[in-house]
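Asker: Build me a model:
(2 chains)
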Amino acid sequence: MNGDPQRSAGLAARSPRLPRQPLARHLTLAVAAGIVLFFITAGLGSYGNFQVSQIAVYAIAVAGLTLLTGGNGQISLGHGALMAVGAYTTALLIARTHTPVWVTILAGGAAAAVLGLIIGLAAARLRGPYLAGVTLALALALPEVAVKYSGVFGGEQGITVPPLTAPGSLSAERWLAWVCLIAALAVMVLLANLNRSRFGRAFRAVRDDEIAASLAGVNVPRTQILAFVVSSACAGLAGALYGFGTGIVNPGEFTIGLSISLLAGMVIGGAGSLAGAWWGALVLVLVPQWSTSFSNSLNLPSGVASNLALIIYGAVLIVVMILAPAGIQGGVRRLLGLPRLPAARVPVLGRWQAARSRDRAQAEGSRVGSADHIP
Amino acid sequence: MRTSLRAAHPYRLAAGLAAVSVLAAACGSSGGSSGTSGNNTSGNTASAPGVTATTITLGATEPLTGPAAPGYSEIAPASTAVFKYVNAHGGIDGRTIKYIVENDQYDPSITATKTRELILQDNVFALFDPLGTPTDLAVQPFVNSEKVPQLFIASGCACWSQPQKYPWSFGWQTNYIIEGKILGQYIKANYAGKKVGYLYQNDEFGQDGVKGLDMQVPAASVVSRQTYDTTTLSAGLGNQMAALKAAGAQVVAMYTIPAATALAMLAAAEIGYHPQYVISNVGADPPTVTKLLSSFSKGKAGGNLLEGAITAGYLPSESNYGNAWVSDFRKIWKKYDAGEPWDGNTEYGMAVAYTMVNLLRAAGRNLTRQGLVKTLEAKGATFTGPGLVPFSYSKTDHYGYQGMQIGKETGGGITLSGPVHVTTNNGPIKTYSGSPASPPAGFGS
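Answerer: Next comes the predicted model:
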């Protein structure tokens, strides 16, 4: 992940102005990005700022997912449900209590983290497709809780979320964009620090080889639960901010499609990479809109045009995956000539990739794998 | 060998990325405003966002794909056909109407995004006939805070008339509570002593309908209340129909969307259960439901299951080709909308567009958003149209039609008969005895 010592040593060597200390380096990058983004939001119109806020929200959710899946090797198909938990917590607190807004946002993240702890405890025993199945069940079942207990959760209509009050004469959309961007940059700094710390190393060790990690003294279940909790907190925070963007929180927004979109965004952006989370968020927000504009500009009958937009969206996703299997960030790294991140791959795919290269090597008649050379 | 392969990849990758980004840039969203034309001899000005000397831009979010699309995707093309007809006959004081329809797939979060796109980027003058209860509820606060008219919302929710809280939102069709009352009164009068069961969608649509039914149907007669959710509709309604049969319901009042009507009737037929159906107009359109009946049953069942069902309408029946409004609308349909079927959805889309045209004409040359809303409140009650009852628009009432006539499904169509009822959410049911308006001479040609 971003914490690979060789890579960061190379980066520090190339840009001597970046501080060597990880925290200082990450904060500097975040502040610099924040300044650039401030000027961008100042130049965009209301709708553009609204899109920026949506991109920031998806970046938070996908960053959490990429830590869990790309960084720790646990597949989750239920992050849409975790976003729902954050969104509903925030919406309920705002509607029913007089809690200050920023507290409700943090509470959304905390509530999702608690659910993540519970799932993590259950999921610590599960691997691969079984874990995916449990999270899939969560994604399908959790929105139905809101429908079943409609007295509390507002049923299918959901709960309205009043927009954030912007200070002074600032437009509501720009204020929302700033709030979401600040939250996203803070999350990126925290996750980048986490990856550089011993926790990050433990995540990657467990991802790459559980048995070796536990032999080396890493507490595997605790590591996996921690990854789940952190990832869920990110999803909950994203969900809380998502509610302010759409103005309403209801089960129809948190379908299994959302969970799959987050996973797709992660893979397309580049699994295991925080920059990849931003690429994924950009794709999730902008490509559907571009494909709709393109289809509409062709002046086809409306039924054809709307379905064409979805087809184009799918085609763009497939094309990106063919051209850049390590995601957009992997492609960018290749273009820049940077070394490929050693294990930036989705675990299930990784095993398939390893099996393929093994088969190819066997077909070529050479032997692969040190296991074969143990005397 | 391997190094040269690696070296080749970046070029292929760069070329691919360049191609994708060029394609993306070329597809950049078009929301620009149309420029004013050179010679302005009409005296019109660009008096409001979405209004220029020559155009008026309206916008809406509709489900063009997804589970809510069957039937509802026909409404926007029908409205567009009426606008094309009007544009071809001089427009509104020399301005042509442009109608931008965005697909929200009946997902409120997509509605939120698309509505912001329409208002903030495309700068529409007003939202016209956006569809759906949860979808429009989601954006109602935002649209009102932006002071954009949210006109003639395609939903019978009783929530569109809140002039104090949401002064920019207006309904059009008869709301579900009023319809429930009128259907309930029919049940009470014609099926006295029989056991009644309810099947309804578990949201504002179904709950409002049941509220109305309960105001009329004696509580002791209701032996079973079954609900369903749109998210789990694909699993069928077998359980609900079995429960209604077990409770002995001889009359089943349904607040269902067309897909659910079809599934319910098929499930009942499978268990040999044939109650008297009383269906909300939302789920009773014969062509739509017949198509769904035969596609769900793979051709084994068809419109015969609908025969004899009771429903209600606030427009003349779309199968009544002799009615002057229906025949004029069909002329417009044949010329501008022939790619879509002629059914209740198409008739609805045209009727609501006709009201929009009335409103734009009445609002005068100097179009403003505030002026549009004030005109509707002041003059809306005098607008004529195909409706069986007059509009009830006023400063304190944003509802629209508040009455219906009972109809029976016969021979693939609906035959309306009996008195025309008007009422309010909480008031008594009265009979409306006014005569229906005729379309203007030469309309549709």
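
Asker: Run a quick neighbour tally on A:I225.
Answerer: When neighbours are defined as other Cβ atoms under 10 Å in any protein chain shown, A:I225 has 20 of them. For glycine as for every other residue, the C-beta is placed from the backbone atoms N, C-alpha and C.

Asker: who are the neighbours in contact with residue 66?
Answerer: Using chain A. The contact partners of A:T66, taken as Cβ atoms under 8 Å, 6 or more residues apart in numbering or on different chains, are A:266, A:269-274, A:276-277, A:280.

Asker: wait, chain B
Answerer: Here B:G66 is in contact with B:105-107 (Cβ under 8 Å, 6+ apart).

Asker: Which of those residues has the largest number of neighbours?
Answerer: Of the contacts of B:G66, with other Cβ under 10 Å as the count, B:D107 tops at 26 neighbours.

Asker: looking at it, it is touching A:E253, isn't it?
Answerer: Yes: applying Cβ atoms under 8 Å, one finds B:D107 in contact with A:E253, separated by 6.8 Å.

Asker: for stretch B:334-351, which positions count as buried?
Answerer: B:336-337, B:340, B:342-351 (16 or more other Cβ atoms under 10 Å in any protein chain shown).

Asker: So it, near chain A or not?
Answerer: Yes: on the criterion Cβ under 8 Å from any Cβ of the partner chain, stretch B:334-351 is in touch with chain A at B:G339.

Asker: Where does pLDDT dip in chain B?
Answerer: B:1-42 (pLDDT under 70).

Asker: Can you show me the strands along it?
Answerer: B:55-62, B:96-103, B:126-128, B:150-151, B:196-201, B:222-228, B:251-255, B:276-279, B:310-313, B:403-410, B:413-422, B:430-432 (DSSP state E).

Asker: Identify the residues contacting the shortest one?
Answerer: If I follow you right, that is strand B:150-151. B:126-130, B:136, B:139-140, B:143-144, B:166, B:168-170, B:172, B:356, B:359, B:372, B:376.

Asker: Tell me which entries of those residues lie within helices.
Answerer: Judged by DSSP state H, helices contain the following of those: B:136, B:139-140, B:143-144, B:356, B:359, B:372, B:376.

Asker: Please identify which pair of the residues you listed lies farthest apart.
Answerer: Greatest spacing in these, by Cβ to Cβ: B:V139 and B:L359 (20.8 Å).

Asker: Looking at the two, which has the bigger crowd around it?
Answerer: The residue with more neighbours, out of B:V139 and B:L359, is B:V139; 29 against 24, by other Cβ under 10 Å.

Asker: distance of the spatially closest residue to the more buried one that is not a sequence neighbour from B:V352?
Answerer: Nearest residue to B:V139, sequence neighbours excluded (Cβ to Cβ, 6 or more residues apart in numbering or on different chains): B:T115, at 4.4 Å. Counting by Cβ to Cβ, to the nearest Å, the separation of B:T115 from B:V352 is 18 Å.

Asker: okay, those two: which has more neighbours?
Answerer: B:T115 (31 against 24).

Asker: residues in contact with the residue lying closest to B:C157 once chain neighbours are set aside?
Answerer: Closest residue in space to B:C157, ignoring its immediate chain neighbours: B:T133 at 4.5 Å, by Cβ to Cβ, 6+ apart. Residues counted as contacts of B:T133 (Cβ under 8 Å, 6+ apart) are A:157, B:155, B:157, B:159, B:203-205.

Asker: Need the CA coordinates for stretch B:434-445. PDB is fine.
Answerer: Only the C-alpha atoms of stretch B:434-445 are listed here, as PDB (Å, rounded to 0.1, in the frame of the first residue of the first chain):
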ATOM      1  CA  GLY B 434     -71.700  20.800 -13.800                       C
ATOM      2  CA  SER B 435     -71.400  19.900 -17.400                       C
ATOM      3  CA  PRO B 436     -68.000  18.900 -18.800                       C
ATOM      4  CA  ALA B 437     -66.100  21.600 -20.800                       C
ATOM      5  CA  SER B 438     -65.500  21.000 -24.500                       C
ATOM      6  CA  PRO B 439     -62.200  21.400 -26.200                       C
ATOM      7  CA  PRO B 440     -61.600  24.600 -28.200                       C
ATOM      8  CA  ALA B 441     -62.800  24.400 -31.800                       C
ATOM      9  CA  GLY B 442     -60.200  23.000 -34.100                       C
ATOM     10  CA  PHE B 443     -58.000  21.700 -31.300                       C
ATOM     11  CA  GLY B 444     -55.900  18.800 -32.300                       C
ATOM     12  CA  SER B 445     -56.000  19.500 -36.000                       C
END
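
Asker: Tell me the buried residues in that stretch?
Answerer: For stretch B:434-445, by 16+ other Cβ under 10 Å, it's B:436, B:439, B:443-444.

Asker: And these, which is closest to chain A?
Answerer: B:G444 (22.7 Å; Cβ to the nearest Cβ).

Asker: Grab the nearest non-local neighbour of the closest one.
Answerer: Using Cβ to Cβ, 6+ apart, the closest residue to B:G444 is B:D328 (3.3 Å).

Asker: can you pull out the strands in the stretch 151-300 of chain A?
Answerer: A:159-160, A:248-249 (DSSP state E, counting those that start in this stretch).

Asker: quick one, which of the ones you listed is packed in tightest?
Answerer: Counting by mean count of other Cβ atoms under 10 Å in any protein chain shown, strand A:248-249 has the highest mean neighbour count of the strands of the stretch 151-300 of chain A, with a mean of 30.

Asker: Could you tell me which residues of the stretch 201-350 of chain A lie near chain B?
Answerer: Checking the stretch 201-350 of chain A against chain B by Cβ under 8 Å from any Cβ, the hits are A:242, A:245-248, A:250-253, A:255, A:286-287, A:289-294, A:296-297, A:301-303, A:305-307, A:309-310, A:316, A:319-320, A:323-324, A:331, A:334-335, A:337.

Asker: OK, contacts around the residue positioned nearest the centre of chain A?
Answerer: What sits nearest the mean C-alpha location of chain A, by Cα atoms, centre = their mean, is A:V62, with 0.8 Å. A:V62 makes contact with A:262, A:265-266, A:269, A:276-277, A:280-281, A:284 under the criterion Cβ under 8 Å, 6+ apart.
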